[in-house]
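> Need the 3D shape of this:
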Amino acid sequence: MDFISENIIDNVLTDFEQNPQSKEDAFLAFAEWHLPVVQFVESENFKLLKEEEFDQLMFLLLVCFQSISSVEEHIEIPPDLIDKKEEINWQVYNESKDKGFKAIVNMYFEGYPQEDLLAFIEDALIEDEESELSQVGREIIFITCKTYIDICHEII
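Numbering: from 1, shown residues only. Down below sits the predicted model:
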């Protein structure tokens, strides 16, 4: 997959902000092309997320989808690949859990081919006074988005 730069991501964010219909169109395309991902995030495991956290997850997945779609053809994602990649990402996360969220996230960057996309996800999950994300929500959102990026990068 071609490198998704910060500029591409910023263009998608600007488009979503200036044209709300483009966000709706992106969601419809995402649901059509990546139905297994939509079904995955609607599964029981994601019931742990508060409504705001689930909305954040979907927004971040949409930005990733639209950013990737701006430079690549749509791809179909096999459901079994979602489970496989997610399991690998959780395994790495759980083996390092005593290091704290930021330190663990930084481990994923070493040699990562889609660094700007991953940095966008990380930045969106940084804890601040206005953040309504729980620690568990932050972890689930990060691993899910990274899993999606990993799959797209592998298939394309």
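
> hey, let's count contacts and neighbours off CA atoms from now on
OK.

> Residue 66 and residue 26, how far apart?
Distance, residue 66 to residue 26, by Cα to Cα, to the nearest Å: 6 Å.

> scratch that, residue 45 is what I was asking about
As defined by Cα to Cα, residue 45 lies at a distance of 24 Å from residue 26.

> how deep is the nearest residue to residue 93 once chain neighbours are set aside tucked in, by neighbour count?
In this structure, residue 93 finds its nearest non-sequential neighbour in residue 104, 6.6 Å apart by Cα to Cα, 6 or more residues apart in numbering. The tally of other residues near residue 104 (other Cα atoms under 10 Å) stands at 17.

> Quick check, residue 104 in contact with residue 97.
Yes. Under the criterion of Cα atoms under 8 Å, residue 104 makes contact with residue 97 at 7.1 Å.

> residue ranges with poor pLDDT in this structure?
Confidence mapping of the chain against pLDDT under 70 gives the ranges 129.

> And the helices in it?
For the chain, the helices defined by DSSP state H occupy 6-18, 20-33, 35-41, 51-69, 79-95, 101-109, 115-124, 135-155.

> ok, back up a step: identify the residues contacting the residue nearest to residue 93.
Residue 104 is in contact with 93, 96, 97, counting by Cα atoms under 8 Å, 6 or more residues apart in numbering.

> cool, residue 132 as well?
52, 53.

> For it, give me phi and psi.
Note on residue 132: backbone dihedrals following degrees, to the nearest 10 are phi -110, psi 10.

> Compare residue 66 and residue 26 and say which is more crowded by neighbours.
Per other Cα under 10 Å, whichever of residue 66 and residue 26 has more neighbours is residue 66, with 26 against 17.

> Now do the more buried one against residue 4, distance only.
Look at residue 66 and residue 4: by Cα to Cα, they are 11 Å apart.

> In the protein, which residue sits furthest out from the middle?
No residue in the chain sits farther from the centre than residue 98, which is 23.1 Å out by Cα atoms, centre = their mean.

> and the gap between it and residue 56?
25 Å.

> Many thanks, we can stop here.
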